[in-house]
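J.: got a predicted model here, sequence first, then my questions.
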Amino acid sequence: MVRDVPLGEITLRRYERPFDHSKRELIRKICLSLGLLQPGDSRDVVVDILLSLEESRKERKELSSTEIIGKVIQIRKDNSLGERGIAESNVRRQLKRLRDLMLVDKKQNMYRLSEFESLSYIFKNKIESFLIPETIERIKEYLGKLDEE
């Protein structure tokens with residue numbers, strides 16, 4: 001049996017304009033918008049991971065997965081949230097998802113937002129300018145091949 005394994009994948013969602021949101025809520029909307037989080041999903045540890053990396057970006061500090069877990073626990077306590085999803089295996093899986101979307105770099109088991117750039121810069125230059133056009137082009141190839149049939 002042949003399995004279809006995508007070379008890349010992206011989900012985009014559009015929400016209302018941002019207004020008077022906390023930083024965590026802005027990151028949550030970004031995660032929802034990029035398909036990193038499903039609407040209504042209570043397992044939102046990816047939000048706190050991305051928030052941890054965003055905060056460390058300003059200091060140009062790379063974080064180990066253990067440091068990320070510590071920061072995630074603190075963020076969740078500060079926001080009166082449960083500690084669901086903070087197992088090291090899940091944090092590593094979420095970091096892999098962030099890496100696959102080209103938001104996060106890993107070097108010698110240390111993580112950072114890609115090249116310490118802002119999320120808006122990473123989105124513009126890696127997702128909007130690279131990943132989306134490549135995906136659209138491949139879809140057009142399939143459509144063109146279908147037209148030849």
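T.: Okay, I see it.
J.: what about the host helix or strand of residue 95, average pLDDT?
T.: Using DSSP states H and E, residue 95 sits in helix 88-100. Confidence for helix 88-100, expressed as mean pLDDT, is 95.
J.: what does that helix rub up against?
T.: Contacts with helix 88-100, where a contact means C-beta atoms under 8 Å, 6 or more residues apart in numbering, come from 8, 36, 45-46, 49-50, 53, 65-66, 68-69, 72, 104-106, 111. Where C-beta positions appear, they are placed from N, C-alpha and C, glycine not excepted.
J.: inside helices: which ones of the residues you listed?
T.: Among the contacts of helix 88-100, the members found in helices (DSSP state H) are 45, 46, 49, 50, 53, 65, 66, 68, 69, 72.
J.: which of those are buried?
T.: Neighbour-count burial (16 or more other C-beta atoms under 10 Å) applied to those gives 45, 46, 49, 50, 53, 65, 68, 69, 72.
J.: in CSV: these, plus pLDDT and distance to residue 96.
T.: Below are these laid out as CSV (pLDDT from 0 to 100; distance: C-beta to C-beta, whole Å):
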residue, pLDDT, distance to residue 96
45, 95, 13
46, 96, 11
49, 97, 11
50, 98, 13
53, 98, 14
65, 95, 11
68, 97, 13
69, 96, 15
72, 96, 16
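J.: nearest to residue 146 among those?
T.: Of all those, residue 146 sits closest to residue 46, with 35.7 Å by C-beta to C-beta.
J.: which residue, other than its chain neighbours, is closest to that closest one?
T.: Nearest non-adjacent residue to residue 46, counting by C-beta to C-beta, 6 or more residues apart in numbering: residue 94, 4.5 Å away.
J.: same deal with residue 45?
T.: residue 85 is the one closest to residue 45 (C-beta to C-beta, 6+ apart), at 3.6 Å.
J.: now do the SS call for the one you found.
T.: Following DSSP: H, G, I helix; E, B strand; the rest coil, the label given to residue 85 is coil.
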